[in-house]
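In: Model the following, please.
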Amino acid sequence: MRSRKRGDGARRATAGPEERWVLRAADQRAVDERAAEAGVEEDRLMENAGTNAADWIARRLRPRRAVTLSGPGGNGGDGLVVARRLHEGGTAVTAFVAEPLARCRPATRRMAEKLEDAGAAPPRLVSLETLAAALDEADCVVDALFGSGLTRPLAGEAARLVEAVNEAGGTTVSLDLPSGLPSDCGELWGPAVRADVTLAMAFLKPSHVLYPAAEYCGNTAVVSVAYPDSLRSSITPWARVCERTGIRRRLPGRRPDGHKGSFGRVLVVAGSSGMTGAAILCARGALRAGAGLVQLAGPASCEPVFATVLPEAITLPLPCRDGHIRDLESARFLDALGRADVLAVGPGLSQEPETFEAVRALIGRFRGPVVVDADGLRALVGERGLWSSLAGRAILTPHPGEMAALTGETPERVLAARRDCARAFALDHRVVLVLKGRPTAIALPDGDVYLNPTGNDGLATGGSGDVLTGLIAGFAAGGARVPDVGGAPLADAAICGAYVHGLAAEVFARASAARAMLPSDLLETLPEALWEIERCA
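Out: Got it, this is the predicted structure:
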């Protein structure tokens, strides 16, 4: 198998709108039908999609010799438009079709005629021998065999064609989806093209963002298609993906004349003997998010560690037993609680019964926004009476195991249906639910779901989630204090926290191996990640 070339051109190409929509195959078909009802002919959509895809390929890859491989459907027609446009731009193009033209969609046949009218050789019926010979000479192969309409695994000749494409040496660009991938899930059905770049047509599909299918897409960019703007108002996306410009808009504002009281107070309740690191990482995450004041409340026995390692935060020692919090009733703590804009509770607290009892009492007493993670989530399992008090003011940040405990599902079910599990829980309990993983799913109380596009495997280590909890709390606190200059509500704090957290991991991996990343490294790369977002066009 050839080595995969992963450039960053596709990531840059997705910049533009503040968010991308993810549609299932049935939703995509409905869009096409509504476009036809609005008077937009299939030929026009095909021409527009193929032209924009060809423009992307020509500008970023500059191929000298290209091969296009088209199926009989609409995706194949897009591929024939790409062949014609690349030919017109001076690229030597060999176009193949997988079925005789007589069996192809009428619009696809018309695109084949246009290719020949442009002076290019007519598309050839593909065979393994002719395809392999052409691929040996090409520096770019355009995969347009099957798009989002595929309903079964590839087999026979189609599977062998896919294998030939995967063995080619040039850059592979798939139109809409790599051939062989299902549209609506992250599963691998069977043989599929491993693309270097996938050019999604107007909308993303679930398999562009769900793993392991997303890995086969390589870098995914979205190219525009001439759908009427009015169609968007009639579409309910399956999910949304925030772009960097959208994250910049969602970040809490910063007054140029602000002071520490202007940017929010975060109270972190975290830590236990042997788990001081979780509390420290969380508090530092809140500080890196720009919170004006962070107070860390933890067991008195851990306070010397907190005070030494965290000079930027105020530490509040709490009554403890054997290194875990016993209660949260001290006058100093209650005063801090009354002044806090946001409460972050859970990292490293321990699962001792009296700690759980104290946490449940705390969550019931505090009436402001609360970010709950780790042991704080475990304290809520089975406590149905607390959920009504959390409605409209809570952000929960479980990993799949914690999500399984909250819902009674298995971790395997949560992993297989992360978007659906997160959405159902957020709707039922009217909370913001941040289900960690790749991709992190941020589900909102109104039913919207955002899938976070940033991050890498370096985040798969203990402690990175504690940084995320602090980031979200810090953004929520900043938004609570300055709503008139773009302050972020809870949903925006969660979306921004996940995006910035993942981008910080990507910043680290630009110069070092992602597998070597420590959670503390995230804290060092967060400033650069935020700098990039604040200055994006």
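In: contacts and neighbour counts: CA atoms only from here.
Out: Will do.
In: can you map out the helices along the stretch 51-200 of the chain?
Out: 74-88, 106-117, 128-137, 156-167 (DSSP state H, counting those that start in this stretch).
In: Residue 300: which of these is closest?
Out: helix 156-167 (59.5 Å; Cα to Cα).
In: Remind me what the closest one packs against, helices and strands.
Out: In this structure, helix 156-167 makes packing contacts with helix 128-137, judged by 3 or more Cα pairs under 8 Å, 6 or more residues apart in numbering; DSSP states H and E.
In: Redo the helices of the stretch 51-200 of the chain as TSV? Include distance to residue 216 and mean neighbour count.
Out: Below are the helices of the stretch 51-200 of the chain laid out as TSV (distance: least, Cα to Cα, whole Å; neighbours: other Cα atoms under 10 Å):
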stretch	distance to residue 216	mean neighbour count
helix 74-88	18	28
helix 106-117	26	19
helix 128-137	19	15
helix 156-167	11	18
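In: Format those as CSV; extra columns: distance to residue 284 and mean pLDDT.
Out: Formatted as CSV, the helices of the stretch 51-200 of the chain follow (distance: least, Cα to Cα, whole Å; pLDDT from 0 to 100):
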stretch, distance to residue 284, mean pLDDT
helix 74-88, 49, 97
helix 106-117, 57, 97
helix 128-137, 52, 95
helix 156-167, 45, 96
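In: Let me have the ones you listed in a markdown table, adding distance to residue 296 as columns.
Out: Putting these into a markdown table (distance: least, Cα to Cα, whole Å) gives the following:
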| stretch | distance to residue 296 |
| --- | --- |
| helix 74-88 | 56 |
| helix 106-117 | 64 |
| helix 128-137 | 61 |
| helix 156-167 | 53 |
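In: which one of the ones you listed lies closest to residue 47?
Out: Distance to residue 47, taken as Cα to Cα, is lowest for helix 74-88 among the helices of the stretch 51-200 of the chain, at 6.2 Å.
In: neighbouring contacts of that closest one?
Out: Under the contact criterion Cα atoms under 8 Å, 6 or more residues apart in numbering, helix 74-88 has outside partners 46-47, 49-51, 53-55, 58, 67-71, 92-95, 97, 105, 107-109, 111-112, 114-115, 118, 120, 142-147, 175-176.
In: Equivalent analysis for stretch 299-312, please.
Out: Residues from elsewhere that reach stretch 299-312 (Cα under 8 Å, 6+ apart): 271-273, 276, 280, 284, 294, 296, 313-320, 323-325.
In: likewise stretch 98-109?
Out: With contacts defined as Cα under 8 Å, 6+ apart, stretch 98-109 is touched by 42-43, 69-74, 76-78, 80, 125-126, 145.
In: Which one of those is nearest to residue 500?
Out: When those are compared for distance to residue 500 (Cα to Cα), residue 78 wins out at 35.6 Å.
In: distance of the closest one from residue 194?
Out: According to Cα to Cα, to the nearest Å, residue 78 stands 19 Å off from residue 194.
In: How is the protein divided into domains?
Out: The chain breaks down into these domains under automatic domain parsing: 9-241, 263-479+487-534.
In: rewinding a little: mind picking the two most distant members of the contacts of stretch 98-109?
Out: Going by Cα to Cα, the pair spanning the contacts of stretch 98-109 furthest: 42 and 126, at 25.1 Å.
In: Are any of the contacts of stretch 299-312 buried, and if so which?
Out: Applying 16 or more other Cα atoms under 10 Å to the contacts of stretch 299-312, the neighbour count classes 271-273, 276, 280, 284, 294, 296, 313, 315-320, 323-325 as buried.
In: Break down the stretch 251-400 of the chain into its helices, ranges please.
Out: 276-288, 303-309, 331-339, 353-365, 375-380, 384-390, 400-407.
In: now those as JSON lines including mean pLDDT and distance to residue 475?
Out: Conversion of those to JSON lines gives the following (pLDDT from 0 to 100; distance: least, Cα to Cα, whole Å):
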{"stretch": "helix 276-288", "mean pLDDT": "98", "distance to residue 475": "8"}
{"stretch": "helix 303-309", "mean pLDDT": "95", "distance to residue 475": "22"}
{"stretch": "helix 331-339", "mean pLDDT": "96", "distance to residue 475": "17"}
{"stretch": "helix 353-365", "mean pLDDT": "95", "distance to residue 475": "20"}
{"stretch": "helix 375-380", "mean pLDDT": "96", "distance to residue 475": "20"}
{"stretch": "helix 384-390", "mean pLDDT": "89", "distance to residue 475": "19"}
{"stretch": "helix 400-407", "mean pLDDT": "96", "distance to residue 475": "23"}
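In: and those, which is most packed in?
Out: helix 276-288 (a mean of 27; mean count of other Cα atoms under 10 Å).
In: now that one, how far from the chain's geometric center?
Out: Between the centre of helix 276-288 and the centre of its chain there are 24 Å (Cα atoms, centre = their mean, to the nearest Å).
In: helices and strands around that helix, which ones?
Out: Contact here means 3+ Cα pairs under 8 Å, 6+ apart; on that basis helix 276-288 packs against strand 265-269, strand 293-299, helix 303-309, helix 464-481, helix 519-534.
In: what angle separates that helix from strand 265-269?
Out: Angular relation of helix 276-288 and strand 265-269 on a 0 to 180 degree scale: 170 degrees, by axes from the mean of the first three to the mean of the last three Cα atoms, to 10 degrees.
In: what's in contact with helix 276-288?
Out: Residues outside helix 276-288 that contact it (Cα under 8 Å, 6+ apart) are 266, 268-271, 293-296, 298, 302, 305-306, 309-310, 313, 347-348, 463, 466-475, 519-520, 523, 526-527.
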